[in-house]
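Enquirer: Need the 3D shape of this:
(chains A and B)
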Amino acid sequence: MELLGIVWNEVIIRPMVNVLMIFYYFFAMNMGWSIIIFTLLMKIVMIPLTLKQGRQMKAMAAVQPKILQLQERYKDDKAKVQQETLKMYRQSGVNPVGCLGPMILQMPIFIGLFWALRGLLAKTPEGLVKLSDLVYASIPYANFVVPVDSQFFWMDLGKIASQNTLPFLMPVLVGVSTWLMQKMSTTPVTTPQSASTNRMMLWMMPIMFGYFTLNFETGLALYWVMSNIAGIIIQGFITGWKPLYSVLQILRITKFTDSEEKIESHNNEFIDDEELQSDEKTTNRDRGEEYRRSRRDRSKRTGRGETRRRNKRNS
Amino acid sequence: MNEIVKSLISCCRVIRVSKRKSILLSLLAGFLITAACITPDRPQGWSKGIVIGDKYYTGTLEGEVVSLAISPKTEDIDREIHRYTLKGQEGMRAIYSDLVVSSDLSNESSTQVFFSGYDGNLYVLSEDLVELDHIQVGDGSPLVGTVTVVDDVVFLGSSNSNVYAFQIDRDGKKLSLDQKWVFSTGGMIWSRPIVSQNIVYIGSLDHKMYALDKNTGEELWSFETNGGIVTAGLIEGNDLYFGSLDTVFYSLDKNTGELQDKYEEASGWYWSDPILDEKENTIFIAVLDGRVHAIGYDKGRFSSKWIAELEYKIVSQLSLVDSWIAVASEDGSVVMVKKDNGKSSRRCRLNSEVRAGIYHYDGVLYVGAYDHSVRALRVLGHKEKPDGRFQEVWTYFTNRDYTQAFDEHPPAC
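Expert: Okay, the predicted model is just below:
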């Protein structure tokens, strides 16, 4: 156990603390900016992992209906179901424990960052003494910045969110950004069961994380918000911006000009009456235009229009 | 984090755990992570005590001051004589300041105990631990540094970056404190001010050592290092010595603040105050990396004498005992290091972290440990021929019944 603690400290916590301190030294001696830059860097480093995870989840979602069929077919033979399911996963390129990979890598980073921030933003003498264990003696900059200034705009990053000025702002920001992230990364579903899971997670996770934020250091909440924002942007480039557009549409921040895209949008159930009316008007206008065009074509073909115009001139 | 929960849920789905169960599992994991992460970062304090008459006074981890009989009439039962609880709110009652004694200049028989609390108050107690006065310093920011009392003036630094001077007004048995001056620095102040002639020297976590006029608080000079300053300065002749968190020990001209020399052999932060051996022209100082340095000085110039390695972090302040230096490290061991060559004697393991300074009085070392104990360790052969060994005389647990605790904690050495 002691060995595990040493490994944890040496591999995760100490490098994080020292990188954050170096960023702090080079970026205006501001812990907030240091956390933001660190988060963005971590996100960039993890892009391959994010892509892999996305692919795995997509493949898994695609395989679900087939598994349901298998379960139906071999209702009475559980061993067979298991065997066939594994076979199915293998055929579809899904690694049943492969999904643990990203989690195993991300979990220590997240928990490690929590402890690194806690160590760095220590307020008590005990905390500062503990920090001395984490600082690399060979990096002079690290010694120069102690104790770090935890003020970032109106926030004290070392205080837990509920004790800070505007205590609910960070939890709300965490909740909203988590919701957006969730919306952006929801994979297309093929079964009603998956749809219901997605719906549940869309609302449950922001509430859960918003609540957690109340009891965490504000510095960690800042990491969370930044991580979500960066995640939304990366996800946007990978899978497209449609979910974000639909959210913006709900908020009436943007209006689509392309009616076809609007019709195809998978969230058209949220379009309100006014927008539907405007849609109707557009469609009617289109129909009128089409009608006039077809009449013109017909009259050209039959030559009726020409005869009528000639008669008019003669009279 | 949401990626983590998503992975967890999808994993649960793969291993054919139902949707409801997978969400419950994720929630449970989330709560476990939260529970594992949230441990309150509460100040505990470490206070070096003092002996007045036949009593040992010390701050406790419960945010109290106790007076203990050095040699009680009834063995161990009547050890505790008085107790005083700090005024601050729960969670802020911690004492990092050493207890300092000051006598009435006109009546030397009346002695007062001065100390600052993490709750932001400056306290003055009588020998019987009756409160004579307590005053909130500035905005009530935590007070970590030890106070210094000179000529009926109390000097101290605060975590709100200010240095304060309070005049002691005595009227018979009554005593009150009035703010005399205040000086602002750019960082928290956790170090002890020292006074020499008419100058107050104090280090700040803004990386600077300040020299202030004792009567007005006006800045005379300041010297900037690369790290925060937690240690107190040391005056010897015309020189001021102090260590910094930048791992350098400095020598300055005490009147001008001009740099005279640097000692750069350490690789850790200087945290505890240096001690001086005038006879040998040597400064002894502990570093947080677990080493004790003996630094020779000659008119402001340094020379390295020896470095003793003790493995564990040393927060506790050293104490000179005859030809030895008593050192307590965070692993809970107390060890004597030979003054002239740095060789250490047999360790006494207290089995609990020690951060409070060691107080030496008449051949007995008094030290407080993180298991709430106060230990009295007799130096064997004191005054005759101390050989670096000691023997535990008594142990007192400030948070529980002595006899009960004694069964759990037999004498350490």
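Enquirer: didn't residue B:335 look like it was pressed against residue B:343?
Expert: No. Taking contacts as Cβ atoms under 8 Å, residue B:335 lies outside contact range of residue B:343: 10.4 Å. Using the backbone N, CA and C atoms, a C-beta is placed for each residue, glycine as well.
Enquirer: How about the residues of the stretch 151-300 of chain B by chain A?
Expert: Neighbours of chain A within the stretch 151-300 of chain B, by Cβ under 8 Å from any Cβ of the partner chain: B:187-188, B:190, B:205, B:207, B:226-228, B:245-247, B:267-269, B:271, B:288-289.
Enquirer: Which residues of the stretch 151-300 of chain A lie near chain B?
Expert: A:178, A:181-182, A:185, A:193, A:196-197, A:200-201, A:204-205, A:208-209, A:212, A:215-216, A:224, A:227-228, A:231.
Enquirer: what about burial for these, which qualify?
Expert: A:178, A:181-182, A:185, A:197, A:201, A:204-205, A:208-209, A:212, A:216, A:224, A:227-228, A:231 (16 or more other Cβ atoms under 10 Å in any protein chain shown).
Enquirer: Max pairwise distance over these: which two?
Expert: A:197 and A:216 (26.3 Å; Cβ to Cβ).
Enquirer: picking that back up, give me the more crowded residue out of residue B:335 and residue B:343.
Expert: Legend: neighbour count by other Cβ atoms under 10 Å in any protein chain shown for residue B:335 and residue B:343, higher for residue B:335 (21 against 12).
Enquirer: okay, residue B:123: pLDDT?
Expert: Confidence at residue B:123, expressed as pLDDT, is 97.
Enquirer: show me what contacts it?
Expert: B:65, B:86, B:87, B:113, B:114, B:115, B:116, B:117, B:131, B:133, B:134 (Cβ atoms under 8 Å, 6 or more residues apart in numbering or on different chains).
Enquirer: Now intersect those residues with the strands, please.
Expert: B:65, B:113, B:114, B:115, B:116, B:131, B:133, B:134 (DSSP state E).
Enquirer: and which of the residues you listed is nearest chain A?
Expert: residue B:116 (12.7 Å; Cβ to the nearest Cβ).
Enquirer: That closest one against residue B:143, yeah?
Expert: Yes. Here residue B:116 lies in contact with residue B:143, judged by Cβ under 8 Å, at a distance of 3.6 Å.
Enquirer: shared neighbours of those two, anything?
Expert: B:96, B:97, B:122, B:137, B:156.
Enquirer: In three-state terms, label the third one for me.
Expert: Assigned state for residue B:122: strand (three-state reduction, DSSP: H, G, I helix; E, B strand; the rest coil).
Enquirer: try the last one
Expert: Classification of residue B:156 using three-state DSSP returns strand.
Enquirer: Isn't it up against residue B:116?
Expert: Yes. Between residue B:156 and residue B:116 there is a contact under Cβ under 8 Å: 5.6 Å.
Enquirer: Can you work out which residues contact both of these two?
Expert: B:122, B:137, B:143, B:145, B:146, B:147.
Enquirer: can you tell me which of those lies nearest to residue B:283?
Expert: The nearest one, if we look at the shared contacts of residue B:156 and residue B:116 relative to residue B:283 and count by Cβ to Cβ, is residue B:146, at 18.7 Å.
Enquirer: For the closest one, what are phi and psi?
Expert: Backbone torsions for residue B:146, taken as degrees, to the nearest 10, come to phi -70, psi 150.
Enquirer: What distance do you get for it to residue A:228?
Expert: 46 Å (Cβ to Cβ, to the nearest Å).
Enquirer: Helices of chain B, start to end?
Expert: For chain B, the helices defined by DSSP state H cover B:2-14, B:19-37, B:402-408.
Enquirer: again with the stretch 151-300 of chain A
Expert: Secondary structure of the stretch 151-300 of chain A (DSSP state H, counting those that start in this stretch): helices at A:169-185, A:192-214, A:218-239, A:242-250, A:259-264, A:273-302.
Enquirer: From the contact counts, what lies against the first one?
Expert: In this structure, helix A:169-185 makes packing contacts with helix A:192-214, helix A:218-239, helix A:242-250, helix B:2-14, judged by 3 or more Cβ pairs under 8 Å, 6 or more residues apart in numbering or on different chains; DSSP states H and E.
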